[in-house]
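Undergrad: Dropping the sequence and predicted coords here.
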Amino acid sequence: MKRLRRIAERLAEAALTLSGSIASLAILLIIVFLFKEGLGLFGSSAVEKGYALCVHSSNPVEQLAPQQVKQIFDRELTLWSEAGGSGGEIVTFRFDELFALYSEEELGESYELIPQRLGEVIARTPGIIAFVPEEYLPYHNREVKALPAAKISPAAFFGGREWLPTATPAPQFGVLPLIMGTVWVSLFAILIALPLGLGVAIYMSELAGARTRKLLKPTIELLAGIPSVVYGFFGLAVLAPLIRQTLRLPVGETAFAGSLILAIMALPTIITIAEDAMRRTPLAMREASLALGATPWQTIYRVIVPYASSGIMAAVVLGTGRAIGETMAVLMVTGNAAVMPHSLFQPVRTIPATIAAELGEAPAGGAHYQSLFLLGCILFIITMLISASAECIASRNPGKEI
Amino acid sequence: MNKKTEQKIAFAIFRLLGLLVAGVLFWILGFIIYNGISVISWDFLTAAPAEGMTAGGIFPAIAGTLCLVAGSVTLAFPIGVMSAVYMNEYAGGSWVVRFIRVMTNNLGSIPSIVFGLFGMTLFVNTLGFGDSILAGSCTLGLLVLPLIIRTTEESLKAIPSSFRTGSLALGASKLQTIRKVVLPMAFPNIVTGLILSIGRVSGETAPILFTVAAYFLPKLPDSLFSQVMALPYHLYVIATSGTDIEASRPIAYGTALVLIAIVLSMNLLAATLRKLK
């Protein structure tokens, strides 16, 4: 009997230990799975899967960067001399153009003659660049040179200014517009939320009577409890039209609308933490200040706010973290244009919104899919840095915990 | 400027800001209640969407959200409570606890869309659950795990250690002490955490986008492996990409009202429970 009980104790302890490790295990798994998928992007071909680029064999060009490919097919680059080749004009050739040049008979019953015809086209046009399926590549033709597929590089990903993940033949995965969109939206959200939140925190901790505080505290908790999709809906139905009308903009779904919504969403975090920090100011410090003849207001901004400064900093950092990671509300109100932002009053696209909007359409395992996981990795790293720095800041002042 | 007037101005501004924040909450709530209340009816709550989601009700979405709440809480609640018991009662003060606590905090600060990504690779693809209640519940369960751990740990910490030593001195084993003394005492607070996590789970959208949520699926789930509609996702769909956004606006207001009612009533219930103690 006694032995049985001891075994039960052991088993229980093992089960408890196991559950205790689940959170850590989850983080580990998140890192492994996110990075495994995300880093796969850097090995993958910059040209759409299953397709290849080929040129005339007399063309000295060896390799084209993804961005060059895109510019060539967009007709922004028109001379080989500008693209690392030699001489004349670039003639782009997409696979479907073959069907305009040749009749079905000439292409063969089951298209077995396609490689041959492709070879002919390429052989007679020295300035050509053709974008064709790999299976139809005329390998044996001496006048055809297939360009080795360029790999997507970290430099192109982190330094690229274009996010066009579904462009053909060369999708562009430049993350800068998304990063800038995230930075603009969250930065202005914090600029709005900080003075507001700090003011309310001062009001609640120093001015409000017990009754007002009792009313205001649940109000702020409720504000924190509203689901983000409801915030997004509110922004979509109320804020965006309001912004469009008052500022006479073509669309109301702008970075500014996103910032406003995020500011409201970050407020509870900022208020709660900042208020906690200010309440922890020792009574002796307040009384000393008042005894020296300072007014309560002077005490607040000369004694209490400086004393609580690290807590306030932590509040700002955590509020920023909340703003950067927020998905649904931002997705619904910022207008979702993945372009470099030039002003607050134009549509932008943030990193989380991009993942939410595009993952459903990205085929699993493809470059687009991987790039979205890489965005997830970026987001993960940013939030880890933020929570680490918040902890760091808060621990500078003794006796504080977030 | 006179320092008295300065103070008056500053304090007036702070009062105004306090009012402003309360005003924002009432603006949002008022807007949704005012527009949504006329839509709510028995039919709206019990019928399936009809005519391209411009008419009918939201019953499948309510049912789906209930399934997800039940699933995720069933998974996360025991693990969360056991995890907190381990941290507070067994591994007291060691580096293991500090490590677990840091990890739990970190898990809590990860954006919900990252949970969605992770849930999609691990539960939907790697483990082969597919888009299903099971995959969605696992993802949401991970999301609320830190919340449950934190609230449980706080309630365990609030129990004076004399109760534990008293129980041990009477000859009870550690496990018996936890089962018969510590957990029953901490129970009300643990339930508060449970209610809070129900509120949290029912409002989350990003984690279920790619793990379970169905655009339109009027039939009710028949197993853990079926897809379901969910309230927050339904609101997102009819607000942004429905067949006729203008015509489905009233439905959107109604859905938002039901969602807010569920989430906020859970929060209020938790707050009241906390006060009762």
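TA: Sure, I can see it. Worth saying up front: this structure is predicted, and the values here are computed from it rather than measured.

Undergrad: Flag every residue of the stretch 51-200 of chain B that's near chain A.
TA: Residues of the stretch 51-200 of chain B lying close to chain A (CB under 8 Å from any CB of the partner chain) are B:78-80, B:82-83, B:85-87, B:90-91, B:96, B:99-100, B:103-107, B:109-114, B:116-118, B:120-122, B:125-126, B:142, B:145-146, B:149, B:173-175, B:199. Where C-beta positions appear, they are placed from N, C-alpha and C, glycine not excepted.

Undergrad: How about the longest helix belonging to chain B, which residues are buried there?
TA: Secondary structure of chain B per DSSP state H: the longest helix is helix B:3-36. Within helix B:3-36, the residues that count as buried by 16 or more other CB atoms under 10 Å in any protein chain shown are B:7, B:10-11, B:14-15, B:17-18, B:21-22, B:24-25, B:28-29, B:31-33, B:35-36.

Undergrad: does any part of that helix sit near chain A?
TA: Yes - contact between helix B:3-36 and chain A, assessed by CB under 8 Å from any CB, occurs at B:3-4, B:6-7, B:10-11, B:13-15, B:17-18, B:20-22, B:24-25, B:28-29, B:31-32.

Undergrad: The nearest residue to B:Phe118 once chain neighbours are set aside sits in which helix or strand?
TA: Nearest residue to B:Phe118, sequence neighbours excluded (CB to CB, 6 or more residues apart in numbering or on different chains): A:Ile30, at 4.8 Å. Here A:Ile30, judged by DSSP states H and E, is contained in helix A:22-39.

Undergrad: Pull out the buried residues from that helix.
TA: A:Ile22, A:Ala23, A:Ser24, A:Ala26, A:Ile27, A:Ile30, A:Phe33, A:Leu34, A:Phe35, A:Glu37, A:Gly38.

Undergrad: Can you convert these into TSV and add a column each for pLDDT?
TA: Formatted as TSV, the buried residues of helix A:22-39 follow (pLDDT from 0 to 100):
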residue	pLDDT
A:Ile22	90
A:Ala23	89
A:Ser24	90
A:Ala26	92
A:Ile27	93
A:Ile30	94
A:Phe33	93
A:Leu34	93
A:Phe35	93
A:Glu37	90
A:Gly38	91
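
Undergrad: how about the residue in the stretch 51-200 of chain B that chain A sits nearest to, what does it touch?
TA: Minimum separation of the stretch 51-200 of chain B from chain A (CB to the nearest CB) falls at B:Pro111, amounting to 2.7 Å. Going by CB atoms under 8 Å, 6 or more residues apart in numbering or on different chains, B:Pro111 touches A:Ile324, A:Gly325, A:Glu326, A:Thr327, A:Pro352, A:Leu379, A:Thr383, B:Ala206.

Undergrad: What of B:Met185?
TA: Each residue near B:Met185 by CB under 8 Å, 6+ apart is listed here: B:Ile159, B:Phe163.

Undergrad: residues near the closest residue to B:Ser197 other than its chain neighbours, how many?
TA: Once flanking residues are discounted, B:Ser197 sits nearest to B:Val144: 4.1 Å by CB to CB, 6+ apart. Residues lying near B:Val144 (other CB atoms under 10 Å in any protein chain shown) number 26.

Undergrad: what's the helix or strand for B:Val144?
TA: Assigned by DSSP H and E, B:Val144 belongs to helix B:133-157.

Undergrad: Show me what counts as buried in the next helix or strand after that helix.
TA: Moving toward the C-terminus from helix B:133-157, the next helix or strand (DSSP H and E) is helix B:161-169. With burial defined by 16+ other CB under 10 Å, the residues of helix B:161-169 counted as buried are B:Arg164, B:Ser167.

Undergrad: What lies in contact with helix B:161-169?
TA: Here helix B:161-169 makes contact (CB under 8 Å, 6+ apart) with B:Glu89, B:Lys174, B:Gln176, B:Thr177, B:Lys180, B:Val181, B:Val182, B:Met185.

Undergrad: Which pair of the residues you listed spans the longest distance?
TA: Farthest-apart pair in the contacts of helix B:161-169 is B:Lys174 and B:Met185; separation 15.6 Å (CB to CB).
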